[in-house]
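J.: I would like the atomic coordinates for the input below:
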Amino acid sequence: METTSGKANLVREETSVFERMFGAVEKVKERLNRSCAALEKANVPYAIIGGHAVAAWVATIDDGAVRNTRDVDLLLREEDLDRAEQALSSVGFVRNKAMDVHVFLDGKDGKPSQGIHILLAGQKVKASYATATPTVDQTQAIDDKRVIELTELVQMKLNSYRDKDRTHLRDMIGVGLIDSSWPTRFESSLGQRLQELLDDPDG
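T.: You can find the predicted model right below:
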C-alpha cells in the first residue's frame, strides 16, 4: 500500500519531469531564436527548414495543431558557411561535423542532437533524392524569421519521407495547407507519395 510520503515523492518526481519537459521545449525555442538573430545581424541568408518550418506554417492556420520538435534545422549556402560560423560562434555555437552533416553545437560540450543542423542550399541531401534542396531565397517571412516557402518545404518532406516526414505532411494536410491539387506540383514520384497520403492520411 502506498504511503502518504510515497505519494508526495511521486508528485515531486512528476513535477520535476514536467519541468524538464517544458524546459527542453524552451531551450529549443531559445536556440532557434539565438541562431536566427545572429545570422540576421550578420546578413547571412538562411531559411528555417524541418520541423520548425512545419510548425510555423501549421501555426498560421491553427496554433493548437503545432507539434513540438527538438531539431533546429537551417538551410545555408555552402559559400556562407564560414560567415555563418563567425555569426553563430559569437552567440555560443561551435562548428562541428557529424556523419557528413554540418552541425553547430550549443557550446563546446553540446550534443549533436541538440545543435543547429545545416543543410546546404541547391544540393541533393542524398543521391537517391528526386530533387535538390531549395535556395535560401525561397523563403517567407513569418514573425521576423525566414521560413522556407511551403511548396519547397513539402518537396523536402516528400524527398526524405521518413516516419517523421510523413507525420509532418499529415499535419499540414490536417490543417488544410495541402489539398488534392498539390500532387501535380511535384516530380511524379514525389507527387505519388503525396497522393497516397491524401488518399489515406491515417495509413
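J.: which one is residue 136 nearest to, not counting chain neighbours?
T.: Counting by C-beta to C-beta, 6 or more residues apart in numbering, residue 136 lies nearest to residue 45, which is 4.2 Å off, once chain neighbours are set aside. Every C-beta, even on glycine, is put in place using the N, C-alpha and C of the backbone.
J.: try residue 62
T.: Of all residues not flanking residue 62 in the chain, residue 175 sits nearest, at 4.9 Å (C-beta to C-beta, 6+ apart).
J.: Next: residue 55.
T.: Nearest one to residue 55, counting by C-beta to C-beta, 6+ apart, is residue 66 at 4.8 Å.
J.: quick one, phi/psi of that neighbour?
T.: With angles defined as degrees, to the nearest 10, residue 66 sits at phi -70, psi 140.
J.: any idea how far it is from residue 181?
T.: With distances taken as C-beta to C-beta, to the nearest Å, residue 66 is found 24 Å from residue 181.
J.: Tell me which of these two has more neighbours.
T.: Set residue 66 next to residue 181 and count neighbours by other C-beta atoms under 10 Å: residue 66 wins out with 18 against 7.
J.: didn't that one look like it was pressed against residue 58?
T.: Yes - using C-beta atoms under 8 Å, residue 66 is in contact with residue 58, at 5.4 Å.
J.: follow-up on the earlier one: could you check how many residues crowd around the residue nearest to residue 136?
T.: Neighbour count for residue 45, taken as other C-beta under 10 Å: 18.
J.: just the one 10 residues further on next, same as before
T.: Burial of residue 55, expressed as a neighbour count using other C-beta under 10 Å, amounts to 19.
J.: distance of it from residue 120?
T.: Distance, residue 55 to residue 120, using C-beta to C-beta: 23 Å.
J.: And residue 179, by the same measure?
T.: Residue 179 is 31 Å from residue 120, where distance means C-beta to C-beta.
J.: Also residue 198?
T.: 30 Å.
J.: just residue 153 next, same as before
T.: Distance, residue 153 to residue 120, by C-beta to C-beta: 16 Å.
J.: the more surrounded of those two?
T.: Between residue 153 and residue 120, counting by other C-beta under 10 Å, residue 153 is the more crowded of the two (26 against 18).
J.: Which secondary structure state does the more buried one sit in?
T.: At residue 153 the chain is in helix, as set by DSSP: H, G, I helix; E, B strand; the rest coil.
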